[in-house]
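Asks: I'd like to go over a predicted model; first the sequence, then the structure.
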Amino acid sequence: MFFANNALGQKIHIDDAETGLPYFCPACRDAMIQKRGNINAHHFAHKTGKGCDPWYSEKLSPWHIKMQNHFDRVVQETVVWNEMHTEYHVADIVLQSGDKKYVIEFQHSPISQKEFISRTKFYLGCGYTIIWVFDFCECKSQKTIFVSEYNNGIMHLAWPGKDRVKFLDNINFTSVNDGLYIFFYINAGMGKIRLHDPEGYYPWKTWEYIDPFSLHSCFALLYLDIFDNTKDFFAEYFSEDVCCKG
């Protein structure tokens, strides 16, 4: 974690923490220590060596840190409690616009369907709209995401083969369309569908790579109301600059 509370209950970033002063977890209030090594980014860690929130890692990827730092520090690493005050979790970003509250979760490492659903239900149940952002720009083991059509900011995409969000294919999003948004952070490649129809065999389709869709990374907002599976889906294109500034 990059934030802890001082003895006065004030939220302090690790860069502003003073050596020798006590700091406490903003969630469980246990003692925290400062980690200032030469390999990982400086951060706070529970003195016991075990974090109190299984959903939140005390060591974040460079991409995760980059995404969080697009937002003011005051909205980063915010503790969200349920209505009964019996469960809490540390959200990456918590924002409020008028009477609407938002949680943004950045996901670089793999996540199971069970955890995705559990985390989504928790924040929805707490009255938040949740925005998931999955990073796939640095996933060398993943196949390229292809764009078959691009028209007025709408992309028709396909992701051949299995991947870390394959579990999305089995989720019914109709009940949460107004409270859930899913973005893919991607480098997409332009492609086209090639039909194979050899004599004596059943026809099949493959994706043929053409050329880079974009020289820069972009965000793709999935159209969940018509989403069926990651092999063939539609999304709205956002440049990295526009999305992060917006």
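Replies: All right, it came through fine.
Asks: the helix or strand of the chain with the lowest mean pLDDT: what's the following helix or strand?
Replies: Lowest on mean pLDDT, DSSP states H and E among the helices and strands of the chain sits strand 204-212, with a mean of 58. Where DSSP states H and E defines the elements, the next helix or strand beyond strand 204-212 is strand 218-222.
Asks: could you dump that next one to PDB, C-alpha only?
Replies: These are the backbone C-alpha positions of strand 218-222, laid out as PDB (Å, rounded to 0.1, in the frame of the first residue of the first chain):
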ATOM      1  CA  CYS A 218      -5.700   2.300 -26.300                       C
ATOM      2  CA  PHE A 219      -8.700   1.400 -24.100                       C
ATOM      3  CA  ALA A 220     -11.600  -0.600 -25.400                       C
ATOM      4  CA  LEU A 221     -14.900  -0.300 -23.500                       C
ATOM      5  CA  LEU A 222     -16.900  -3.600 -23.900                       C
END
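Asks: what lines up beside the next helix or strand after it in the sheet?
Replies: For strand 218-222, the following helix or strand on the C-terminal side (DSSP H and E) is strand 233-239. Using DSSP bridges, strand 233-239 pairs in its sheet with strand 154-158 (antiparallel), strand 218-222 (antiparallel).
Asks: helices or strands up against the longest helix anywhere in the chain?
Replies: Longest helix in the chain, counting residues (DSSP state H): helix 113-125. Packed against helix 113-125 by the contact rule (3 or more Cβ pairs under 8 Å, 6 or more residues apart in numbering; DSSP states H and E) you find strand 88-97, strand 128-135. All C-beta spots, glycine's among them, are computed from the backbone N, C-alpha and C.
Asks: need those strands in a markdown table with distance to H156, can you?
Replies: Below are those laid out as a markdown table (distance: least, Cβ to Cβ, whole Å):
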| stretch | distance to H156 |
| --- | --- |
| strand 88-97 | 30 |
| strand 128-135 | 19 |
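Asks: of the ones you listed, flag the one that's most buried.
Replies: Comparing these by mean neighbour count (mean count of other Cβ atoms under 10 Å), strand 128-135 comes out on top with a mean of 21.
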